[in-house]
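Generate a structure from the sequence data that follows.
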Amino acid sequence: MAKGREPFTSEDHLRRVRQICFALPGTTEKLSHGEPTFFAAKKVFAMFANNHHHDGHIAVWLPAPPGVQALLVDTAPQTFFRPPYVGVNGWIGIELATISNEDLAAHILTAWKLIAPRKLQAQNAEERT
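Numbers count the residues shown, from 1 in each chain. Got it, this is the predicted structure:
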């Protein structure tokens with residue numbers, strides 16, 4: 001954090017997540033369980049969590065490939081955690097204050113690719129070439 005700069009607020013972190021999610025084709029947002037949730041073709045690929053049940057995390061919850069959750073939580077527990085409800089399905093929680101925009105974008109893209117239908121993925125590939 002730059003000297004004299006206030007820490008990021010939960011709104012700042014939500015803006016980061018929105019910017020990354022909306023760069024992906026077919027993304028929509030609506031409230032689910034009281035939090036902003038991001039969908040690709042009606043399937044959830046990212047959930048913002050603002051101190052969910054007073055857990056102290058300003059985070060995003062994402063699906064992850066098999067085995068990735070344990071690896072990340074074991075190697076970087078200050079950034080990654082097993083979120084409630086969806087953690088049993090291999091999702092990861094990412095503490096937003098401890099991750100760069102580039103790394104966050106990579107994790108969100110991976111989550112989106114796990115969820116988005118092939119048609120949207122093809123559209124994303126075309127837009128990036």
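
Could I get the full set of helices for this protein?
When assigned using DSSP state H, the helices of the chain occupy the ranges 10-22, 68-75, 101-115, 118-127.

Give me the pLDDT for the residue nearest to residue 44 when sequence neighbours are not counted.
Nearest non-adjacent residue to residue 44, counting by CB to CB, 6 or more residues apart in numbering: residue 37, 5.8 Å away. For glycine as for every other residue, the C-beta is placed from the backbone atoms N, C-alpha and C. In this prediction, residue 37 carries a pLDDT score of 97.

Tabulate the helices of the chain (JSON lines), appending mean pLDDT.
JSON lines is the format used below for the helices of the chain (pLDDT from 0 to 100):
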{"stretch": "helix 10-22", "mean pLDDT": "96"}
{"stretch": "helix 68-75", "mean pLDDT": "97"}
{"stretch": "helix 101-115", "mean pLDDT": "97"}
{"stretch": "helix 118-127", "mean pLDDT": "79"}
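
Reformat those as JSON lines; add distance to residue 29 and mean neighbour count.
Conversion of these to JSON lines gives the following (distance: least, CB to CB, whole Å; neighbours: other CB atoms under 10 Å):
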{"stretch": "helix 10-22", "distance to residue 29": "7", "mean neighbour count": "17"}
{"stretch": "helix 68-75", "distance to residue 29": "24", "mean neighbour count": "15"}
{"stretch": "helix 101-115", "distance to residue 29": "13", "mean neighbour count": "17"}
{"stretch": "helix 118-127", "distance to residue 29": "15", "mean neighbour count": "13"}
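
quick one on the thing from earlier: what number of residues lie near the residue nearest to residue 44?
Counted with other CB atoms under 10 Å, the neighbours of residue 37 add up to 19.

want to throw the helices of the chain into CSV with distance to residue 57?
Written out in CSV, the entries for the helices of the chain read as follows (distance: least, CB to CB, whole Å):
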stretch, distance to residue 57
helix 10-22, 10
helix 68-75, 13
helix 101-115, 14
helix 118-127, 29
